[in-house]
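Undergrad: Fold the following and give me the result.
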Amino acid sequence: MAEKITFLETRLQNAEKEVLELRSLTAGRVAFSAALRDSGSGNIGPFTTATPLQYKKVFSNTGNSYNPSTGIFTAMVSGMYFFRFSMFNNLASPPNSVVSLMKNSERLTSVWDTNGSDINDMGRNAVDIPLKVGDNVFVQLEPNRLVYDDVMNYNTFSGFLLFTM
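TA: You can find the predicted model right below:
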């Protein structure tokens, strides 16, 4: 009986090691990329309040941390992340587009195009930021602003885990 218990304890310890190894392999696999529209074309906005943009055309979502229904990325793993977003201004004159990358309720960076004589400007921005489990990151359309998108996928939002912490 003692030999059997020792044998089972060894097997349990080996199984626990394998589980930890598998967790470490999958923990660093977080990446997503999405575009604003999955079909159609036109302006999105304006809204009277700041509104998270919902990037509906999902190119990838490894780790399922990005939710296309809300437009919000939620960290499932604590670590250092890279995020990038692009904005194409509205096609109405005058241009009136402002979007911001948000971490929870904190504005990190923005891209804007307003009050110009041209109407076809585009901008991009990116950050590396630390996130804890449960932190949210999203692109916010600022109040009374618009963005334009169509099947060319001008407006994108992407991110990935650089390393765990």
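Undergrad: For the one helix or strand residue 33 maps to, what does the pLDDT average out to?
TA: According to DSSP states H and E, residue 33 maps onto strand 31-35. Average pLDDT, strand 31-35: 98.
Undergrad: From the contact counts, what lies against it?
TA: strand 57-62, strand 156-164 (3 or more C-beta pairs under 8 Å, 6 or more residues apart in numbering; DSSP states H and E). Any C-beta I mention is one placed from the backbone N, CA and C, and that applies to glycine too.
Undergrad: So which of these is the most surrounded?
TA: strand 156-164 (a mean of 19; mean count of other C-beta atoms under 10 Å).
Undergrad: can you dump the C-alpha coordinates of that one into PDB?
TA: This file holds the C-alpha atoms of strand 156-164, laid out as PDB (Å, rounded to 0.1, in the frame of the first residue of the first chain):
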ATOM      1  CA  THR A 156      -7.900  49.700 -36.500                       C
ATOM      2  CA  PHE A 157      -7.200  48.700 -32.900                       C
ATOM      3  CA  SER A 158      -4.500  46.100 -32.000                       C
ATOM      4  CA  GLY A 159      -2.600  44.900 -29.000                       C
ATOM      5  CA  PHE A 160      -0.500  42.200 -27.600                       C
ATOM      6  CA  LEU A 161       1.300  41.000 -24.500                       C
ATOM      7  CA  LEU A 162       5.100  41.800 -24.600                       C
ATOM      8  CA  PHE A 163       5.900  39.900 -21.400                       C
ATOM      9  CA  THR A 164       4.300  38.900 -18.100                       C
END
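Undergrad: Tell me which other helices or strands it touches.
TA: Against strand 156-164 (3+ C-beta pairs under 8 Å, 6+ apart) you get strand 31-35, strand 79-88, strand 136-141.
Undergrad: go again using 6 Å as the cut-off
TA: Strand 156-164 sits against strand 31-35, strand 79-88, with contacts defined as 3 or more C-beta pairs under 6 Å, 6 or more residues apart in numbering; DSSP states H and E.
Undergrad: Could I get those strands in CSV, plus columns for distance to residue 146 and mean neighbour count?
TA: Listed next are the helices and strands packed on strand 156-164 as CSV, based on distance: least, C-beta to C-beta, whole Å; neighbours: other C-beta atoms under 10 Å:
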stretch, distance to residue 146, mean neighbour count
strand 31-35, 17, 20
strand 79-88, 10, 20
